[in-house]
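[1] Mind looking at a prediction? Sequence and model below.
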Amino acid sequence: MFQEEEQQTQESLSEDEEEVEEEESDDLPDLEQEDDLPPEEVNETKIDEKFRADIEKTFGLPLEDLQMGIKYIKNLVASQQLDKSLSTLDKFWGTDRAETESRMTRVQAYWKKMPKEKQALYNSEEGAQIIWATLSKKDKAEGKTSIAKGSTNSKGRKIMFTTQQIEDMSSADYDKNIDRITYAYENNLVGT
């Protein structure tokens, strides 16, 4: 009798284990099958479709709309950075935007002819200033006219100094004129 009860209990346990195994196999994905597949057999379109669905569910927009939005934001940031750089150069050169853009056209043409490693060094506002100074010196050497002391800048105002005059000053002259030079830069009264 004891043996019969034990046998019934074992049969009952075996049946319960089979039911649990069947339930577990229904609820959980069979990971062994996916792991056994070589990577090239993974269906990428299903992954892409799932990714797209997840993106749309998370953001409430189709993936293409998000990509266009990101491009728009990148372009907007680049435009703002360009405007900021041009404003800095406007102030440094004492020019209006049209003159700054004209100079930058020449600077960019010169920059594009440089070797790649040099382009990286001059790809900044300071680089543009250095390139423009180089171009201005070439213009002077070739006899092209530049703004001289007492002439007007692009806004029709008399200039106090040219950048070349400031660069050529001795340390003593520069120290003596520092207030005037600062005033000239702040009021766009420095010419090239």
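    Noted; the coordinates are in hand.
[2] which stretches of the protein have low pLDDT?
    1-45, 47, 143-157 (pLDDT under 70).
[3] domains in it, as residue ranges please.
    Following automatic domain parsing, one finds the domains of the chain at 97-144, 146-192.
[4] Include distance to Lys74 and mean neighbour count when you put these into TSV, please.
    For glycine as for every other residue, the C-beta is placed from the backbone atoms N, C-alpha and C. As requested, the domains of the chain are arranged in TSV below (distance: least, Cβ to Cβ, whole Å; neighbours: other Cβ atoms under 10 Å):
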stretch	distance to Lys74	mean neighbour count
domain 97-144	18	14
domain 146-192	32	15
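[5] Contact partners for the nearest residue to Glu56 once chain neighbours are set aside?
    Spatial nearest neighbour of Glu56, excluding adjacent residues (Cβ to Cβ, 6 or more residues apart in numbering): Pro62 at 5.8 Å. Counting by Cβ atoms under 8 Å, 6 or more residues apart in numbering, Pro62 touches Arg52, Ile55, Glu56.
[6] between the residues you listed, which has the most around it?
    Scoring the contacts of Pro62 on neighbours with other Cβ atoms under 10 Å, the highest-scoring entry is Ile55 at 16 neighbours.
[7] if you go through the chain in chain order, where are the strands?
    161-162, 190-191 (DSSP state E).
[8] about what we covered before: closest to Met160 among the contacts of Pro62?
    Using Cβ to Cβ, Ile55 is the member of the contacts of Pro62 that lies nearest Met160, at 58.7 Å.
[9] ok, that closest one to Gly69 distance?
    As defined by Cβ to Cβ, to the nearest Å, Ile55 lies at a distance of 12 Å from Gly69.
[10] shared neighbours of the two, anything?
    Common neighbours of Ile55 and Gly69, using Cβ under 8 Å, 6+ apart, are Leu61.
[11] ok, Leu66 - contacts?
    Per Cβ under 8 Å, 6+ apart, neighbours of Leu66: Ile55, Phe59.
[12] Just give me the longest helix of this structure.
    With secondary structure taken from DSSP state H, the chain has its longest helix at helix 63-93.
[13] Near Gln80, how many other residues are there?
    10.
[14] ok, it to Ile73 distance?
    11 Å.
[15] cool, and Thr88?
    23 Å.
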